[in-house]
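Trainee: Here's my sequence, what's the structure:
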Amino acid sequence: MHEVYPPSIGLSLLSRAVTALQFAVIGTAMGGEAVIKYTPVPRDFVDKIQSNKWAAVAGAWFIGSSFSSSLLKTGAFEVRLDGTLVWSGLAKGHPPNNPAEVLAALELAGLKRPQSSRDSSRDAATSEDNPEPFVADDDF
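Mentor: Down below sits the predicted model:
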């Protein structure tokens, strides 16, 4: 089952504005005097970017991309067992901090943890019914 959790319209628009600002800084770094001649960008801003072009381009690229992508994160980390929601990153406001949180939620929902190979070899001699370990369905 595939569900889509898109970000809000406001965050999507803000992310696009950040991307536009990235390209403006990169264009200013590469354009130099042409930017001053054909746009209303202040000369002191262009001069500041021109004084260290590569730092401006790298900063705009990496910081802008990181900020833009963080705006689009929804926090959706939903785990279902037999169609029942057992962990919701949206409801909790964060993804799980470690796998044990999700495993505990799955156990509360009724999923039995498979025995380790050491435990199963010891118990196989004493137990007549040896259940197959849980195998996750690839359709998530």
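
Trainee: On the three-state scheme, residue 75 is what?
Mentor: coil (DSSP: H, G, I helix; E, B strand; the rest coil).

Trainee: ok, it touching residue 89?
Mentor: Yes. Judged on Cβ atoms under 8 Å, residue 75 makes contact with residue 89 at a distance of 5.0 Å. Heads up, the C-betas are built off the backbone N, CA and C, glycines and all.

Trainee: shouldn't residue 71 be in contact with residue 15?
Mentor: Yes. The criterion here is Cβ under 8 Å, and residue 71 meets it with residue 15 at 4.3 Å.

Trainee: joint contacts of the two?
Mentor: residue 7 (Cβ atoms under 8 Å, 6 or more residues apart in numbering).

Trainee: And for the longest helix anywhere in the chain, what's in contact with it?
Mentor: The helix that spans the most residues within the chain, counting by DSSP state H, is helix 9-31. With contact meaning Cβ under 8 Å, 6+ apart, helix 9-31 is reached by 6-7, 35, 41, 45-46, 49-50, 53-54, 56-57, 59-61, 64-65, 67-69, 71-72.

Trainee: helices and strands of this protein: which one bottoms out on pLDDT?
Mentor: Across the helices and strands of the chain, mean confidence by mean pLDDT, DSSP states H and E is lowest for helix 117-124: a mean of 56.

Trainee: Name the spans of this protein whose pLDDT lies under the cut-off.
Mentor: Scanning the chain for pLDDT under 70 picks out 1-2, 116-140.

Trainee: Where do the helices of it begin and end?
Mentor: Going by DSSP H, the chain shows helices at 9-31, 33-38, 43-51, 53-71, 89-92, 99-108, 117-124.

Trainee: Which residues in the second one does the neighbour count mark as buried?
Mentor: Burial within helix 33-38, assessed by neighbour count using 16 or more other Cβ atoms under 10 Å, is assigned to 35-36.
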